[in-house]
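Participant: sequence isn't available, so here's the structure alone:
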């Protein structure tokens with residue numbers, strides 16, 4: 001009989017990936033065949049759902065045959081698929097499931113729920129799950145790396161480019177040098193920026209479903225140059241998680257959109273807030289920055305709009 005740890009304060013996907021079975025599935029992601037990687041990816045992303053799936057349902061969702069799904073279970077050390085599913089269920093018993101519970105509630109009441117309300121419900125659940133799964137030690141390690149870096153490169157394409165721009169703006173006062181890799185030039189400009197990256201630098205790479213292939217390739221290049229890679233992504237099954245020295249996860253589930261950015265934005269703000277108060281110098285920098293821009297803010301002394309005199 002196998003023992004099962006209790007995985008506290010985490011989203012289901014992140015907590016499952018930290019379990020012994022989850023770690024085994026992550027190895028399959030990097031070493032297995034194409035069909036095995038497909039199954040492992042789906043199981044890591046949907047551990048709660050898979051505990052209720054028969055082998056036919058899993059095979060259908062992964063677009064593989066029943067025989068392939070059965071062979072997958074045997075290849076990772078189980079007698080059959082039923083034994084693998086039983087082990088998953090035992091592992092999941094100690095894992096908090098806030099997003100899945102909300103998803104089930106939403107699905108039961110979909111007829112009465114407006115799309116806008118449903119979207120906002122997912123936003124609340126995503127931020128809650130991200131907060132519960134936050135790796136405090138990992139966050140502190142990222143802050144240390146950013147503080148010590150010669151140059152911090154920030155990269156995101158597509159919808160993630162806006163998140164990269166926001167993070168770059170927030171980091172500039174507190175890091176030695178910050179470069180937004182993609183900017184307005186896309187892949188070619190990004191590759192040019194990263195051409196001189198060194199082990200003294202940090203690359204913060206941001207990508208959520210749908211993942212940009214160029215982001216993965218360029219992050220792999222930076223890793224080959226021994227730079228520190230920090231990834232902001234949605235799941236341990238993300239291709240960026242394997243490339244990263246430190247990975248921070250933001251839940252990105254959405255009922256309509258390919259992914260949601262709300263929790264990612266909240267995570268970026270949490271990271272910046274931690275960086276700002278991480279040492280005395282940064283606190284003083286924040287104070288000087290406030291003083292420098294106060295004259296240009298509405299309502300502040302020097303920037304106040306004088307009321308018109310009445311006739």
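Facilitator: Received, thanks. The structure presented is a predicted model; accordingly, all values stated were derived computationally and were not measured.

Participant: any idea how the protein splits into domains?
Facilitator: Here the domain parsing of the chain from automatic domain parsing is 12-92, 136-294.

Participant: to residue 129, which of the ones you listed lies closest?
Facilitator: Checking the domains of the chain against residue 129 by C-beta to C-beta gives domain 136-294 as the closest, at 4.3 Å. In this view, the C-beta of every residue, glycine as well, is placed from N, C-alpha and C.

Participant: what is residue 203 paired to in the beta sheet?
Facilitator: residue 153, residue 229 (DSSP bridges).

Participant: hang on, the earlier thing: make JSON lines from the domains of the chain and add distance to residue 130 to it.
Facilitator: Shown next, in JSON lines, are those (distance: least, C-beta to C-beta, whole Å):
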{"stretch": "domain 12-92", "distance to residue 130": "9"}
{"stretch": "domain 136-294", "distance to residue 130": "4"}
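
Participant: format the ones you listed as a markdown table; extra columns: mean neighbour count, distance to residue 119 and mean pLDDT.
Facilitator: Below are those laid out as a markdown table (neighbours: other C-beta atoms under 10 Å; distance: least, C-beta to C-beta, whole Å; pLDDT from 0 to 100):
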| stretch | mean neighbour count | distance to residue 119 | mean pLDDT |
| --- | --- | --- | --- |
| domain 12-92 | 18 | 20 | 88 |
| domain 136-294 | 18 | 7 | 90 |
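
Participant: so which of those gets nearest residue 121?
Facilitator: Closest among those, once you apply C-beta to C-beta, is domain 136-294, at 8.8 Å.

Participant: can you list the helices and strands that the helix or strand harbouring residue 68 packs against?
Facilitator: Taking DSSP states H and E as the criterion, residue 68 maps to helix 66-75. Applying 3 or more C-beta pairs under 8 Å, 6 or more residues apart in numbering; DSSP states H and E, one finds that helix 66-75 contacts helix 34-45, helix 55-62, helix 81-92.

Participant: identify whichever of these lies nearest to residue 254.
Facilitator: With C-beta to C-beta as the criterion, residue 254 lies closest to helix 34-45 of those, at 13.8 Å.

Participant: tell me what the closest one is packed against?
Facilitator: In terms of contacts (3+ C-beta pairs under 8 Å, 6+ apart), helix 34-45 is packed against helix 12-18, helix 20-31, helix 55-62, helix 66-75.

Participant: so which of the domains of the chain is nearest residue 125?
Facilitator: The closest of the domains of the chain to residue 125 is domain 136-294. By C-beta to C-beta, the value is 7.4 Å.

Participant: quick one: distance of the helix holding residue 68 to the chain centre.
Facilitator: The chain centroid and the centroid of helix 66-75 are separated by 30 Å under C-alpha atoms, centre = their mean, to the nearest Å.

Participant: and residue 142, how far is that from residue 149?
Facilitator: Per C-beta to C-beta, to the nearest Å, residue 142 is found 10 Å from residue 149.

Participant: shouldn't residue 126 be in contact with residue 253?
Facilitator: Yes - using C-beta atoms under 8 Å, residue 126 is in contact with residue 253, at 6.0 Å.

Participant: okay, and the beta partners of the residue most central in space within the chain?
Facilitator: Central residue of the chain (C-alpha atoms, centre = their mean): residue 233, 2.3 Å from the mean position. Under DSSP bridges, the beta-bridge partners of residue 233 are residue 249.

Participant: and the helix ranked longest in the chain, what does it pack onto?
Facilitator: Scanning the chain for the longest helix, with DSSP state H as the assignment, gives helix 115-133. Under the contact criterion of 3+ C-beta pairs under 8 Å, 6+ apart, helix 115-133 touches helix 98-108, helix 262-276.

Participant: direction-wise, compare that helix with helix 262-276 and give the angle.
Facilitator: Calculated by axes from the mean of the first three to the mean of the last three C-alpha atoms, to 10 degrees, helix 115-133 forms an angle of 40 degrees with helix 262-276.

Participant: between helix 262-276 and the helix or strand that helix 115-133 is followed by, find me the angle.
Facilitator: Next along the chain after helix 115-133, taking DSSP H and E as the criterion, comes helix 136-148. Angle of helix 136-148 versus helix 262-276, following the same axes, to 10 degrees, is 60 degrees.
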